[in-house]
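In: generate a structure from the sequence data that follows.
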Amino acid sequence: MKTQLFTLIFGAILFTSCQQKEMKISRSDFSVVTEMTDFSPAYILKNEAGKVEIQKNSLIGNTHWVLSIDRDLTMNEVAPFLQELTEKKHKKGGMHEDTKAIYLVYSDTLHKQNAYVKMPFESFALEEQPVYELAEGVQSLLLKSVADAKNPLDKIQTYLVRIDKNIGVETFVNILIELEKQKISESLNSEVYVN
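Out: Residues are numbered from 1 along each chain as shown. Prediction:
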């Protein structure tokens, strides 16, 4: 009952905040997290003029931030907003450390429910990854598709991740889901390069 009430309230907020415009969130056939409490929503979508914008007036510090992002957008379009949000969320040196995470909401079409995947990155860099010799146990990982995340990855390694800026948000969400399935999200460097 509590979950149904939450889904109804979240859906109403999403519906009214998008001014009767339907937002198409990413889809998958797997649920990472199915229930979310203590959260604040934000939305990244195209406005009437076709410009990508963020609606983040409801973000509250030290709550989980749940991002609804239009699945038709590319990482190139949303990365500047993700950079801004991760900087704000994971800012060091404040009086009170924010211990909550950023999640992306998506639709689990198999189980017909909304689900959430945690953003494993605390920083988005919008430039080329520097070229330097990697320390032992560190590998560079370029993610352009879900298949790149499905390759057998060593949980002992630390991965410096680059995301292709041309992939869609739906692909990005499914990459994050696959990294959770493979249980290597904790092995990722906290900074990701989008280029």
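In: contacts only, for the residue nearest to residue 46 when sequence neighbours are not counted.
Out: Closest residue to residue 46 apart from its sequence neighbours, by CB to CB, 6 or more residues apart in numbering: residue 52 at 5.6 Å. C-beta here means a position set from N, CA and C on the backbone, and glycine is covered the same way. Going by CB atoms under 8 Å, 6 or more residues apart in numbering, residue 52 touches 44, 45, 46, 73, 77, 78, 81.
In: buried among those residues? Make that a PyMOL selection.
Out: Selection command for PyMOL covering only the buried members of those, criterion 16 or more other CB atoms under 10 Å:
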select buried, resi 44+45+73+77+78+81
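In: just send the contacts of residue 52 back as a markdown table, with distance to residue 153 and pLDDT too.
Out: Shown next, in a markdown table, are the contacts of residue 52 (distance: CB to CB, whole Å; pLDDT from 0 to 100):
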| residue | distance to residue 153 | pLDDT |
| --- | --- | --- |
| 44 | 28 | 97 |
| 45 | 32 | 95 |
| 46 | 34 | 94 |
| 73 | 27 | 97 |
| 77 | 28 | 97 |
| 78 | 25 | 98 |
| 81 | 28 | 97 |
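In: element containing residue 84, please.
Out: In the assignment (DSSP states H and E), residue 84 maps to helix 75-89.
In: helices or strands up against that helix?
Out: strand 39-46, strand 52-55, strand 64-69, strand 102-108, strand 123-125, helix 169-181, strand 188-194 (3 or more CB pairs under 8 Å, 6 or more residues apart in numbering; DSSP states H and E).
In: can you do 6 Å?
Out: Contact here means 3 or more CB pairs under 6 Å, 6 or more residues apart in numbering; DSSP states H and E; on that basis helix 75-89 packs against strand 123-125.
In: partner strands of the strand it packs on and their direction?
Out: strand 188-194 (parallel) (DSSP bridges).
In: who are the packing partners of the strand or helix carrying residue 160?
Out: In the assignment (DSSP H and E), residue 160 maps to strand 158-163. If you count contacts as 3+ CB pairs under 6 Å, 6+ apart, strand 158-163 packs onto strand 138-143, strand 188-194.
In: low-confidence ranges in the protein?
Out: Within the chain, the stretches with pLDDT under 70 are 1-21, 93-95, 152.
In: list just the nearest of the contacts of residue 52 to residue 38.
Out: When the contacts of residue 52 are ranked by distance to residue 38 (CB to CB), residue 44 comes first, at 21.2 Å.
In: re earlier: including distance to residue 101, could the contacts of residue 52 go into TSV?
Out: Shown next, in TSV, are those (distance: CB to CB, whole Å):
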residue	distance to residue 101
44	17
45	22
46	26
73	21
77	23
78	18
81	17
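In: tell me which two of the contacts of residue 52 sit farthest apart.
Out: Across the contacts of residue 52, the longest distance by CB to CB is 12.3 Å; it joins 46 and 81.
In: ok, the residue lying closest to residue 30 once chain neighbours are set aside to residue 149 distance?
Out: Leaving aside its chain neighbours, residue 30 sits nearest to residue 177 (5.8 Å; criterion: CB to CB, 6+ apart). According to CB to CB, to the nearest Å, residue 177 and residue 149 sit 9 Å apart.
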